[in-house]
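A.B. asks: this one's sequence-less:
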């Protein structure tokens, strides 16, 4: 069975500082990995996805994530955050033909 | 533009009343989902439907009911049997992923239900 662990429930970071949101997964088969963002009182929006190929994936709003198969991780990074990045971020995993499993989310707080 | 609509955005009901949340999609997706979101608990699956006229219980189906009479529509009813219905409800659909390829999930804007 697949599972996703987001190691931090909340991450505070100063504006213009770098940030990393951590995600680890477990699966016995090849996986597809996703990061979604949820702004307050809105639905989830796809930020980026890893399907195959290059392990460094670039998404919207300057975010990127790196797939590390040996460490079963898919951490999300941004070199310089903005106040508008305040949101909750969800990591998700699926495999071919299977449903998507979501982590519990990491709330990103941007400090002025 | 293709997408998922949920209505209303905010809903208030008295305790003991049933309430139905609307979800419509024009993405031509077969599979649709309902999630409940509470602070710090992520997304919990209530019901899902992989095809018209068929649906399955998710992890927290008690106190909820659904129907799937049309491909475009997947309404959720929160019944009086649901002990703690106040939450944010998200509807989603899943892209087909034909040929064993990946599936991507698309979400509606959500409905915040408050039971007084």
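C.D. replies: Yes, it's here. These numbers come from a predicted model, not from an experiment.

A.B. asks: Geometric centre of the chain: which residue is closest?
C.D. replies: This is for chain A. Against the mean C-alpha coordinate of chain A, by Cα atoms, centre = their mean, the closest residue is residue A:35 at 3.7 Å.

A.B. asks: I was after chain B.
C.D. replies: By Cα atoms, centre = their mean, the most central residue of chain B is residue B:34, 2.5 Å off.

A.B. asks: if I look at the residue lying closest to residue A:92 once chain neighbours are set aside, how far off is residue B:116?
C.D. replies: Counting by Cβ to Cβ, 6 or more residues apart in numbering or on different chains, the nearest residue to residue A:92 once its immediate chain neighbours are dropped is residue A:34, at 4.3 Å. Glycine gets a C-beta too; all of them are placed from N, C-alpha and C. Computed as Cβ to Cβ, to the nearest Å, the residue A:34 to residue B:116 distance reads 36 Å.

A.B. asks: Give me the more crowded residue out of those two.
C.D. replies: residue A:34 (28 against 8; other Cβ atoms under 10 Å in any protein chain shown).

A.B. asks: Test my guess that the more buried one contacts residue A:46.
C.D. replies: Yes. The criterion here is Cβ atoms under 8 Å, and residue A:34 meets it with residue A:46 at 6.5 Å.

A.B. asks: Would you check how far apart the residue nearest to the centre of chain B and residue B:44 are?
C.D. replies: Counting by Cβ to Cβ, the gap from residue B:34 to residue B:44 is 10 Å.

A.B. asks: Give me the common contacts of the two.
C.D. replies: Residues touching both residue B:34 and residue B:44 (Cβ atoms under 8 Å, 6 or more residues apart in numbering or on different chains): residue B:58.

A.B. asks: so where's chain B uncertain?
C.D. replies: Within chain B, the segments meeting pLDDT under 70 span B:1, B:97-102.

A.B. asks: how about the residues of it that lie near chain A?
C.D. replies: Within reach of chain A by Cβ under 8 Å from any Cβ of the partner chain, chain B has these residues: B:4, B:6, B:9, B:40-43, B:48, B:88, B:90, B:92, B:94, B:97, B:100-110, B:112.

A.B. asks: May I have the secondary structure class of the nearest residue to residue B:46 once chain neighbours are set aside?
C.D. replies: Closest residue to residue B:46 apart from its sequence neighbours, by Cβ to Cβ, 6+ apart: residue B:34 at 4.3 Å. Following DSSP: H, G, I helix; E, B strand; the rest coil, we place residue B:34 in the strand state.

A.B. asks: which residues touch residue B:34?
C.D. replies: B:23, B:45-48, B:58, B:64, B:66, B:74, B:76, B:89-92.

A.B. asks: Farthest pair within those residues?
C.D. replies: B:64 and B:92 (15.3 Å; Cβ to Cβ).

A.B. asks: which of those two has more neighbours?
C.D. replies: The residue with more neighbours, out of residue B:64 and residue B:92, is residue B:92; 24 against 21, by other Cβ under 10 Å.

A.B. asks: show me the contacts for the residue nearest to residue A:92.
C.D. replies: By Cβ under 8 Å, 6+ apart, the neighbours of residue A:34 are A:46-50, A:91-94, A:100, B:104-105.
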